[in-house]
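Engineer: Sequence first, predicted coordinates after that:
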Amino acid sequence: MAPTAIDRRLYVEVQPMALRLLVLLGLLTSLTMAPGARAQTIKVLETSPVDHATISGTSTAFFVRFDKPVDHIRSRLVVTRGSQVVANFQPRYNTEPNLLFARAPTLPAGEYALHWSVKALDGADIVQGEVFFTVSGSR
């Protein structure tokens, strides 16, 4: 049986609309699923100093190691004492891809916190964290 003029007109009008709906549905699905599928939370593997450590104040090196490569340009390390920022570091670029590293001058005795803000190279959200440490008075 041959299609009638009405069948052809309906086919011509409905097909582009159905195609547009399928494309729109595909775009919406990719927008809502793609970020979660490719961007996962960064996990901290190791820090120096470790949380609640007591260290000597001479030439202190700080690092945070993650489970994936990080964006060194958009990452920060900050040392605070109470609410006062003692040092604000741009991590060194010539380190391992998954490591933020910085060296601080000698810190006076007291209680401190090392804060980090990091973004993974795979586009994951910015992750922040901190460890607390004490600098001993003996050198």
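Structural biologist: Arrived safely.
Engineer: For this protein, give me the ranges with low pLDDT.
Structural biologist: When residues are selected by pLDDT under 70, those of the chain lie in 1-40, 59, 138-139.
Engineer: Tell me how it divides into domains.
Structural biologist: 1-38, 44-135 (automatic domain parsing).
Engineer: what about the last one, start to end distance?
Structural biologist: Translated: domain 44-135. End-to-end distance for domain 44-135: 23 Å, by C-alpha to C-alpha, to the nearest Å.
Engineer: Mind listing what's buried along stretch 115-134?
Structural biologist: 115-116, 118-120, 124, 127, 131, 133 (16 or more other C-beta atoms under 10 Å). (Glycine included, C-beta is placed from N, CA and C.)
Engineer: Any chance of JSON lines for these, columns secondary structure?
Structural biologist: Shown next, in JSON lines, are the buried residues of stretch 115-134 (DSSP: H, G, I helix; E, B strand; the rest coil):
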{"residue": "115", "secondary structure": "strand"}
{"residue": "116", "secondary structure": "strand"}
{"residue": "118", "secondary structure": "strand"}
{"residue": "119", "secondary structure": "coil"}
{"residue": "120", "secondary structure": "strand"}
{"residue": "124", "secondary structure": "coil"}
{"residue": "127", "secondary structure": "strand"}
{"residue": "131", "secondary structure": "strand"}
{"residue": "133", "secondary structure": "strand"}
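Engineer: Among these, which one sits closest to residue 108?
Structural biologist: Among the buried residues of stretch 115-134, residue 133 lies closest to residue 108 (C-beta to C-beta), at 13.3 Å.
Engineer: And the furthest pair within the buried residues of stretch 115-134?
Structural biologist: 124 and 133 (26.5 Å).
Engineer: before we move on, the earlier item: and of the buried residues of stretch 115-134, the nearest to residue 104?
Structural biologist: Closest approach between those and residue 104, by C-beta to C-beta: residue 133, at 11.4 Å.
Engineer: Make sure that closest one is actually in contact with residue 60.
Structural biologist: No: the criterion here is C-beta atoms under 8 Å, and residue 133 misses it with residue 60 at 9.0 Å.
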